[in-house]
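Chemist: quick check, what structure comes out for this input:
(one chain, ligands or ions: 1)
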Amino acid sequence: MAEKFDVIVVGAGMAGNAAAYTLAQAGLNVLQIERGETPGSKNVQGAILYADALEKIIPDFRDDAPLERHLIEQRVWILDDESYVGSNYRSEEFNREPYNRYTIIRAHFDQWFNKKARDAGALVLCETTVTNLLLDGKRVIGVATDRKGGEIYADCVILADGVNSLLAKKAGFHDEIKPRDVALAVKEIHFLPQETIESRFNIGEEEGVVIEMAGKITAGMMGTAFLYTNKESITLGIGCMLSDFKEQQVTPYQLLEKMKDHPAIRPLLAGSEMKEYAAHLIPEGGYHAMPQVYGDGWMIAGDAGMFVNGLHREGSNLAMTTGKLAAETLIELKEQGKAWNARSLARYQAKLDDSFVMKDLRKYRQAPAIFEKNPHFFTTYPELLNRAAHTLVKVDGVDKKSKERSIKSAFVEARSRLGLLGDAFKMWRAFQ
Ligand code: FAD
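Modeler: Just a heads-up that it's a prediction; the model follows:
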C-alpha cells in the first residue's frame with residue numbers, strides 16, 4: 001500500500017518551512033518535498049528578514065540562525081539620471097536587542113530553517129519535483145512526483161511552491177499568472193571587506209543599512225530597486241513588472257547595469273567583486289490578483305498565493321505567516337476531530353483576514369492599478385523633485401521667492417494644475 005501522510009508540504013522556502021515546522025512540532029506526520037538540491041538552492045530574495053514573523057514560529061531563532069547584519073538605517077532615494085532626493089531614518093532603538101530586521105543569505109537561511117522542521121520531525125525529500133496533484137473528484141488526495149513510482153498520499157497538501165505555482169494552475173485552482181501581476185527582479189551580490197562596508201555606510205560591526213530606490217532607474221517602468229548590506233557583501237537589485245519589460249523591450253540586465261553606473265551608486269560598489277547573479281519573479285498583483293487559497297484537501301501559502309506587499313517590500317514575512325496559519329488551521333481542526341474539506345478549511349481564510357497579511361493587502365488594493373496606469377510617477381516626478389532640490393540647494397544669486405516660483409511653474413508645466421490635483425488624489429487612493 002502507498003505511503004500516506006497527514007500533510008504534504010510542497011516547497012522548502014519560507015512558507016513551506018514555516019508550515020512543515022509548525023505541523024511537525026504539533027506531532028503531525030509531515031512530508032516536505034523540495035525540487036532543489038538543498039532547501040534554498042532555488043530561492044532568491046534581497047534579502048531582508050523581518051524578525052517578528054519568525055519570532056512567532058521560532059522564538060529563540062537568534063541563538064543559531066545564520067543572520068548577516070541587523071538593520072539600523074533605512075534610506076529612501078528618488079533618483080533621476082544624475083542625482084537623488086532622499087530621506088534617511090536611523091535610530092539607536094534599532095540597535096537594541098531584540099533586533100527587528102536583519103539581512104540574510106537565503107541559501108544559508110533556508111537550510112537552517114529546514115533543519116528546524118526536520119529536527120521537529122518532518123520528513124524532507126529534496127531533489128524531488130512534484131509534477132501533479134492527485135485528485136479524487138475535486139479533492140486533493142496526494143501528489144505525483146518525478147521519482148519512480150512517485151505517488152504519495154496525504155489528507156491535505158499545502159502548496160508552498162512559490163510564485164507561478166504550476167501545480168495549482170494545472171489542477172485548475174487558478175488561471176495562468178498575468179505578466180502585469182508579477183515583477184521580474186534581478187540581483188547581484190558584490191563582495192567587499194567587512195571594514196570597507198562599515199566605513200562606506202557609516203555603520204559598526206553587525207549593523208546594516210537598507211537603501212530603497214525608485215525613479216528614473218526603472219526607465220519609466222513600474223518598479224523599484226534596492227541595496228542591502230550583508231557582512232562581507234552588498235546585495236543590489238532592481239525589479240519591474242513583467243508586462244512593462246515585454247512592452248518596452250528592455251532587459252532587466254540592462255537596467256541593473258545602468259543602475260550600477262549611477263553616480264550615487266557606483267562609489268558604493270567600487271572595488272567589489274561580483275560573485276552571484278540571480279533573476280526571479282515576485283508576485284506583486286496584490287489583493288485583486290489573489291487566487292482562492294484553500295479547497296478540499298489543499299491550501300496555498302506564500303508567493304504561490306500572491307501574498308506579497310510590494311509597496312513595503314515584504315514577502316518572506318507574509319510567506320512565513322501564511323505557512324504558519326495554514327498549519328495552525330489543520331492542527332486546530334484535527335484536535336476538534338473535523339475533516340479537512342473546503343468548508344472547514346475556510347477557517348484559514350478567516351485567520352488570514354484577521355492578520356496583518358490581508359489587512360495590508362486590502363489597504364493597498366488600489367495601488368498596483370494606479371501605478372500601472374500612471375507611469376509619470378516613475379519618470380516625471382522623480383525628475384521634477386530632483387530639479388527642485390537642485391534649484392533650492394544651488395546658491396546662484398537668484399532670490400528664494402523666484403526659485404519657488406520657477407519650481408512651481410516647472411510642476412504646472414509638466415502636469416498642469418488639474419493633473420497635479422489628480423495625481424495627489426491618486427497617491428492618496430493608492431495608500432488608502
Ligand atoms: P519560495 O521562497 O520561492 O519557495 C518555494 C519553494 O518551492 C522553492 O524552494 C522551490 O524550489 C520549491 N518548489 C517550487 N515548485 C516545486 C515543485 N513542483 N516541487 C517541489 N518543490 C517546488 N521578501 C522580503 O520579505 N524581504 C526582501 O528583502 C525581499 N527581497 C526580494 C528580492 C528579490 C529579488 C525577490 C525575487 C524577492 C524578494 N522578496 C523579499 C520576496 C520573498 O523572496 C518571497 O516572498 C519569499 O521567498 C516567498 O517564500 P515562498 O516560500 O512562498 O516561496
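
Chemist: what does the stretch 251-400 of the chain put close to the ligand?
Modeler: Contact residues (CB under 6 Å from any ligand atom) of the stretch 251-400 of the chain with the ligand: H280, I282, G302, D303, A304, V308, R313, E314, G315, S316, N317, A319. C-betas here are computed from N, CA, C, even on glycine.

Chemist: let's see that with 8 Å instead.
Modeler: Listed as neighbours of the ligand in the stretch 251-400 of the chain under the rule CB under 8 Å from any ligand atom: 278, 280-283, 301-304, 307-308, 313-320, 322-323.

Chemist: residue of the stretch 101-250 of the chain nearest the ligand, please.
Modeler: Here the stretch 101-250 of the chain gets closest to the ligand at one residue, G162, 3.0 Å apart by CB to the nearest ligand atom.

Chemist: where does that residue fall, helix, sheet strand or coil?
Modeler: At G162, secondary structure determined by DSSP: H, G, I helix; E, B strand; the rest coil is coil.

Chemist: tell me the contacts of the nearest residue to it once chain neighbours are set aside?
Modeler: Distances taken as CB to CB, 6 or more residues apart in numbering place D303 nearest to G162, at 4.8 Å, with adjacent residues excluded. D303 makes contact with G13, A15, G162, V163, S165, I282, P283, G315, A319, according to CB atoms under 8 Å, 6 or more residues apart in numbering.

Chemist: then V209?
Modeler: So V209 contacts L71, I72, E73, Q74, R75, F201, N202, I203, Y228, T229 (CB under 8 Å, 6+ apart).

Chemist: for the helix or strand hosting the fourth one, name the packing helices and strands.
Modeler: For Q74, the element it lies in under DSSP states H and E is strand 70-79. The contact analysis (3 or more CB pairs under 8 Å, 6 or more residues apart in numbering; DSSP states H and E) places strand 70-79 against strand 84-90, strand 101-103, strand 207-215, helix 380-393.

Chemist: hey, where'd the helices end up in the stretch 1-150 of the chain?
Modeler: Using DSSP state H, counting those that start in this stretch, the helices of the stretch 1-150 of the chain run over 14-25, 51-55, 106-120.

Chemist: tabulate those helices (CSV), appending mean neighbour count.
Modeler: Listed next are the helices of the stretch 1-150 of the chain as CSV, based on neighbours: other CB atoms under 10 Å:
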stretch, mean neighbour count
helix 14-25, 31
helix 51-55, 19
helix 106-120, 20
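
Chemist: these: which one's closest to Q45?
Modeler: Taking CB to CB, helix 106-120 is the member of the helices of the stretch 1-150 of the chain nearest to Q45, at 4.8 Å.

Chemist: centre-most residue in this structure?
Modeler: Most central in the chain under CA atoms, centre = their mean is G315, positioned 3.1 Å from the mean C-alpha point.

Chemist: spit out the contact partners of the spatially closest residue to it that is not a sequence neighbour.
Modeler: Closest residue to G315 apart from its sequence neighbours, by CB to CB, 6+ apart: V308 at 4.3 Å. The contact partners of V308, by CB under 8 Å, 6+ apart, come to I282, P283, E284, E314, G315, L318.

Chemist: of those residues, which belong to strands?
Modeler: Among the contacts of V308, DSSP state E puts I282, P283 in strands.

Chemist: which single one of the contacts of V308 is nearest to D155?
Modeler: L318 (25.5 Å).

Chemist: separation between V7 and L184?
Modeler: According to CB to CB, to the nearest Å, V7 and L184 sit 32 Å apart.

Chemist: more neighbours: those two, which one.
Modeler: Taking neighbours as other CB atoms under 10 Å, V7 and L184 compare with V7 leading, 27 against 22.

Chemist: what's the local residue count around E73?
Modeler: Counted with other CB under 10 Å, E73 comes out at 19.

Chemist: just to check, it is in contact with I211?
Modeler: No. Using CB atoms under 8 Å, E73 is not in contact with I211; the gap is 9.0 Å.

Chemist: just put the helices of the stretch 1-150 of the chain in a markdown table and tack on distance to F245 and mean pLDDT.
Modeler: Listed next are the helices of the stretch 1-150 of the chain as a markdown table, based on distance: least, CB to CB, whole Å; pLDDT from 0 to 100:
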| stretch | distance to F245 | mean pLDDT |
| --- | --- | --- |
| helix 14-25 | 25 | 98 |
| helix 51-55 | 30 | 98 |
| helix 106-120 | 23 | 97 |
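
Chemist: what's the closest of those helices to M259?
Modeler: Closest to M259 of these, according to CB to CB: helix 106-120, at 21.2 Å.

Chemist: what helices or strands is that closest one leaning on?
Modeler: helix 14-25, strand 30-33, strand 123-125.

Chemist: what pairs with the shortest one, parallel or antiparallel?
Modeler: So the one you mean is strand 123-125. Applying DSSP bridges, strand 123-125 is found paired with strand 30-33 (parallel).
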